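Colleague: Structure for the following, please:
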Amino acid sequence: MSARVLVVDDIAANVRLLEAKLAAEYFEVMTANSGEEALALIEKQTPDIVLLDVMMPEMDGFEVCRRIRANARTRFLPVVMVTALSDQADRVRGLEAGADDFLTKPVNDLALFARVRSLVRLKMIMDEWRMREQTSGQFEVFSSEAEPSEEEHQGAKILLVEGFAPAAQRISSILAADQDVVEVAVNSADALHRAARGQYDLVITGLQIGEEDGLRLCSNLRSHEETRQVPILLIVDEFEMPRLVKGLDIGVSDYLMKPIDANELLARVRIQVRRRRYQDRLRANYERSLSMALTDVLTGVYNRRYALRHMDGLMKRVGDTGKALSQIVEDHQGQLSLTI
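Modeller: Prediction:
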């Protein structure tokens, strides 16, 4: 999958190196040497994703990210901070500023490219749903809903797949800070059973579930209609980078490196839950617009457009089966007529 990537860094050598690597992977690359230049470029020609350095003069990456999120046009533009900062507090600060990920240099190239592709795929899905909502709004099918609020992450329903009870207890206690409801599945079969029946905002799993392969679970979740859209947060060790890349290719939404930092876990869960709920609202709006396009608003009865399409199908069935067809029509005076 190709994409237009904006690389932002005040050090020219860093820009050239990342530009060469991305170009070799067939990405289209735009570059900026400052925060102000990056924001101007984004306004002029919005990229598909931004790779943003943090330590820049005049305007640092945190402020650039906040401004991107404050702009209604770019609010959902994926941003990955790629920086030499390695402190856990900086990582959490970046996520809270609105970054989709915070990668510390030196970055594994394969992991970076896989992350870029996964975020671009997500952006394309969100863009499609937002375009559908915008089109429905132009036809005044319904009024647009408010954008997702900062508090929309609270009270999430989360499925945690973890067979080691102390680990499950620790993660559940951390998520209790947001009043999240955490259900624990001890193995893949239990997780798939629960996920198919419950409406979860997020699934959290590791690469290894006891003796089972966690990526197999992720693949199964993405293969079934009931769970295809549920975000997946993968918990991994640093040495598991090749399998993490595979997970991102399969469709994992985000990941968290061990040892688990409570603040980072909360930040990443909040991002995924807000995104999930907003996407659900866009989908519900679109489905409601389809329903309103086929039914009378006052009576709830199917309208002429639906009736004509439905009659076409019935007439074709008459030709195929030779069975009789009848219809009852009520005119504006309430008189009924029967046709056979």
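Colleague: Would you map the strands across the stretch 1-150 of the chain?
Modeller: 4-8, 28-32, 49-52, 79-83, 101-104 (DSSP state E, counting those that start in this stretch).
Colleague: Dump those into JSON lines; add mean pLDDT, mean neighbour count and distance to residue 205 as well.
Modeller: Bear in mind the C-beta positions are built from the backbone N, C-alpha and C, glycine included. Output for the strands of the stretch 1-150 of the chain, formatted as JSON lines (pLDDT from 0 to 100; neighbours: other CB atoms under 10 Å; distance: least, CB to CB, whole Å):
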{"stretch": "strand 4-8", "mean pLDDT": "97", "mean neighbour count": "23", "distance to residue 205": "29"}
{"stretch": "strand 28-32", "mean pLDDT": "97", "mean neighbour count": "18", "distance to residue 205": "34"}
{"stretch": "strand 49-52", "mean pLDDT": "97", "mean neighbour count": "26", "distance to residue 205": "25"}
{"stretch": "strand 79-83", "mean pLDDT": "94", "mean neighbour count": "24", "distance to residue 205": "23"}
{"stretch": "strand 101-104", "mean pLDDT": "91", "mean neighbour count": "20", "distance to residue 205": "18"}
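Colleague: For those, could you give me a markdown table that also reports distance to residue 314?
Modeller: Listed next are these as a markdown table, based on distance: least, CB to CB, whole Å:
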| stretch | distance to residue 314 |
| --- | --- |
| strand 4-8 | 49 |
| strand 28-32 | 51 |
| strand 49-52 | 49 |
| strand 79-83 | 52 |
| strand 101-104 | 53 |
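Colleague: Mind checking those for the one nearest to residue 62?
Modeller: strand 79-83 (8.3 Å; CB to CB).
Colleague: And the contacts of the closest one?
Modeller: Counting contacts by CB atoms under 8 Å, 6 or more residues apart in numbering, the residues outside strand 79-83 that touch it are 18, 49-55, 61, 65, 68, 90, 94, 98-105, 107, 112, 115-116, 119.
Colleague: Centre of the chain to stretch 304-314, how far?
Modeller: 36 Å (CA atoms, centre = their mean, to the nearest Å).
Colleague: I meant stretch 186-198, not that one.
Modeller: Averaged C-alpha coordinates place stretch 186-198 at 21 Å from its chain's average position (CA atoms, centre = their mean).
Colleague: for stretch 16-35, same thing?
Modeller: Distance, centroid of stretch 16-35 to centroid of chain: 24 Å (CA atoms, centre = their mean).
Colleague: Stretch 88-108 now?
Modeller: The answer for stretch 88-108 is 18 Å, by CA atoms, centre = their mean.
Colleague: Report how far apart the opening and closing residues of it are.
Modeller: 18 Å (CA to CA, to the nearest Å).
Colleague: If we go by neighbour counts, what in it is buried?
Modeller: By 16 or more other CB atoms under 10 Å, the buried positions in stretch 88-108 come out as 90-103, 107.
Colleague: Repeat that for stretch 7-23.
Modeller: 7-10, 14-15, 18-19, 21-22.
Colleague: So which residues make contact with that stretch?
Modeller: By CB under 8 Å, 6+ apart, stretch 7-23 touches 5, 29-35, 37-38, 50-53, 55-57, 61, 64, 82, 109, 113.
Colleague: please redo it, this time with the cut-off set to 6 Å
Modeller: For stretch 7-23, contacts defined as CB atoms under 6 Å, 6 or more residues apart in numbering pick out 5, 29, 31-33, 38, 51-53, 56.
Colleague: ok, these vs residue 191, which is closest?
Modeller: residue 51 (33.5 Å).
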